[in-house]
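K.L.:
Quick one, fold the following:
(2 chains)
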Amino acid sequence: MAGKKQQDVYQEFIKGLWRDNPVFVQVLGMCPMLAVTNSAINALAMGGATFFVLVASSFLVSSLKNWIPKQVRISTYIIIIATFVTVTDFTLEALVPEIHKELGAFIPLIVANCMILGRQEAFASRNTVKMAVVDALGMASGFLFALFSLGAVREILGEGALFGIRLFGADFEPWVIMILPPGGFLTLGLLLLFFNWIKERKDRLAERLAEGEFS
Amino acid sequence: MSGESGLGIKGSEPTSTRLVATLGLAGLLSGLIIVSVYEATLPTITEYKAKVLKEAVFKVLPGITSMRPLTYRDGKMVPAGGDEDEEDRVFGGYSADGHLVGYAIPSAGPGFQDTIRLLYGLLPVERKVVGMEILQSRETPGLGDKIYKDPAFVANFDALAIDPGIVTVKKGSRSAANEVDAITGATISSKAVVQIINRGNERWLKRLEDAPAAAAPVDAGGE
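P.N.:
This next block holds a predicted model:
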């Protein structure tokens, strides 16, 4: 019994990180995904802010689910999410002003990240506090991972650097388009292609194994 | 699955009062939290902004040892009280022996994407710009952001004549003291910076020339 419970927790976590990755599988939260991933550090900061908001909101929504009448649930979720976003906004501005300046308007826009509201409606409001937090941790990690992949690729190609450290010699001509908006779409498309290719390979492998069993 | 258990009270419709009360309470708590976090972080944020501005003043006016905010009132430059608009305030930079070296002037204007705010150092007697620092901009990464990332462009403003007005020229063709080499691929951003400085001069040059210099701050730190 305990073993099965453990398994469930693991499954819920890995679901967000990989199988139902909010970006690569569900294709949610595209606005911050494309807008602030022009460098690895910006991507991490955005991912971290979203991480905090999602986990805190899921915890609160799940804790309060029995007191929130369903007619006003969405508005209540938005109030909860907006509160955490505003708190994050002020905290980042006080603690890491340089990064806050780079992210600019995109921190307040976390409110409109449909991935966050989606998790509240689809999961946190229907599950125990523990599972809601696990689900949020998984989804938030998946989002962070996706943002970081995109940010790292774009910074390496577009600036020839990672975290501001130059990787190539002076001869490297930065591929400026990669840090401009079109580069975001290009990189996202390629990453989606890559992850779907992996998935298809895995599926085909599983199919072949199944066939092998029957023959 | 504990599917349906979550939402609302099963079987009974909640009254409107209850709905209003729920949202009202949520809003109230949210407001309380936001206000307290705002109050808690405000000192740090203001302090940081003041620090950035002060560092910028010392950067655009090389050689000064103290500074103070000044404003123009009744034909004179007087110490600013702190309640002026940002537009009506400049910073006087003073040398160690209390002489006025020059003024750091904040100015702003439209860039390629959004407003650019900058600070530049002006010597009104020599009629020269001696430094420029971008305070805020959203120029295109990789192109327009060279207005502060490209040292060669910033160096244009280290000794720049302001008469008969600053102009941009194509990169590498700078030949007169009032010309600025534009950034290849970011002509609009380069021109915007120059225009913002010209605009600042329009507003301040006459006043600064006519007004007697305000005295140096008493304490050497100038805070």
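
K.L.:
CA only for contacts and neighbour counts going forward, please
P.N.:
Noted.

K.L.:
neighbours of whichever residue of chain A sits closest to chain B, just the number please.
P.N.:
Using C-alpha to the nearest C-alpha, the point where chain A gets nearest to chain B is residue A:69, with a distance of 4.1 Å. The tally of other residues near residue A:69 (other C-alpha atoms under 10 Å in any protein chain shown) stands at 22.

K.L.:
Now do the buried residues in the longest helix along chain A.
P.N.:
The residue-count maximum for a helix in chain A (DSSP state H) belongs to helix A:181-214. Of the residues in helix A:181-214, those buried under the neighbour-count criterion (16 or more other C-alpha atoms under 10 Å in any protein chain shown) are A:181, A:183, A:184, A:185, A:187, A:188, A:191, A:192.

K.L.:
Closest one of those to residue B:96?
P.N.:
Set against residue B:96, the nearest of these by C-alpha to C-alpha is residue A:181 (48.7 Å).

K.L.:
From residue B:181, how far out is residue B:160?
P.N.:
Taking C-alpha to C-alpha, to the nearest Å as the measure, residue B:160 falls 11 Å from residue B:181.

K.L.:
what's the following helix or strand after the lengthiest strand in chain B?
P.N.:
Here the longest strand in chain B is taken by residue count, with DSSP state E as the criterion, and it is strand B:100-110. Later in the chain than strand B:100-110, the nearest helix or strand by DSSP states H and E is strand B:115-123.

K.L.:
hmm, who's touching that following strand?
P.N.:
Strand B:115-123 is contacted by residues B:56-57, B:60-61, B:101-110, B:128-138, B:193, B:197 when judged by C-alpha atoms under 8 Å, 6 or more residues apart in numbering or on different chains.

K.L.:
Adjacent strands (with direction) for it?
P.N.:
Strand B:115-123 sits in its sheet next to strand B:100-110 (antiparallel), strand B:128-136 (antiparallel), going by DSSP bridges.

K.L.:
Mind listing what's buried along that strand?
P.N.:
Buried residues in strand B:115-123, counted by 16+ other C-alpha under 10 Å: B:116, B:117, B:118, B:119, B:120, B:121, B:122, B:123.

K.L.:
just stretch A:82-96 next, same as before
P.N.:
Using 16+ other C-alpha under 10 Å as the burial criterion, the residues of stretch A:82-96 that qualify are A:82-94.

K.L.:
any low-confidence regions in chain A?
P.N.:
Applying pLDDT under 70 to chain A flags residues A:1-5, A:213-215.

K.L.:
picking up where we left off before, from the buried residues of helix A:181-214, which two are the most distant?
P.N.:
The most widely separated members of these, counting by C-alpha to C-alpha, are A:181 and A:192 (16.8 Å).

K.L.:
The most centrally placed residue in chain A in helix, strand or coil?
P.N.:
Centrality entry for chain A: nearest residue to the mean C-alpha point is residue A:143, 1.3 Å, by C-alpha atoms, centre = their mean. With DSSP: H, G, I helix; E, B strand; the rest coil as the basis, residue A:143 sits in helix.

K.L.:
wouldn't it be in contact with residue A:48 here?
P.N.:
No. Using C-alpha atoms under 8 Å, residue A:143 makes no contact with residue A:48, being 9.4 Å away.

K.L.:
List the contacts of residue A:117.
P.N.:
Contacts of residue A:117 were listed using C-alpha under 8 Å, 6+ apart, and they are A:77, A:78, A:81.

K.L.:
on that earlier part again, would you mind checking the contacts of strand B:115-123 for buried ones?
P.N.:
Restricting the contacts of strand B:115-123 to buried positions leaves B:56-57, B:60-61, B:101-109, B:128-135, B:137-138, B:193, B:197, with burial counted as 16+ other C-alpha under 10 Å.

K.L.:
picking up where we left off before, any idea how far the residue nearest to the centre of chain A lies from residue B:172?
P.N.:
Here the distance between residue A:143 and residue B:172 works out to 45 Å (C-alpha to C-alpha).

K.L.:
that older thread, which one of residue B:160 and residue B:181 is surrounded by more residues?
P.N.:
With neighbours defined as other C-alpha under 10 Å, residue B:160 and residue B:181 compare such that residue B:181 has more, 23 against 20.

K.L.:
ok, that one - contacts?
P.N.:
B:153, B:156, B:168, B:169, B:170, B:171, B:172, B:173, B:174.

K.L.:
Buried members of those residues into PyMOL, please.
P.N.:
In PyMOL, this line selects whichever of the contacts of residue B:181 come out buried by 16+ other C-alpha under 10 Å:
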select buried, chain B and resi 153+156+168+169+174
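
K.L.:
I'd like the contacts of residue B:181 as TSV, with secondary structure appended.
P.N.:
Output for the contacts of residue B:181, formatted as TSV (three-state DSSP):
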residue	secondary structure
B:153	helix
B:156	coil
B:168	strand
B:169	strand
B:170	coil
B:171	coil
B:172	coil
B:173	coil
B:174	coil
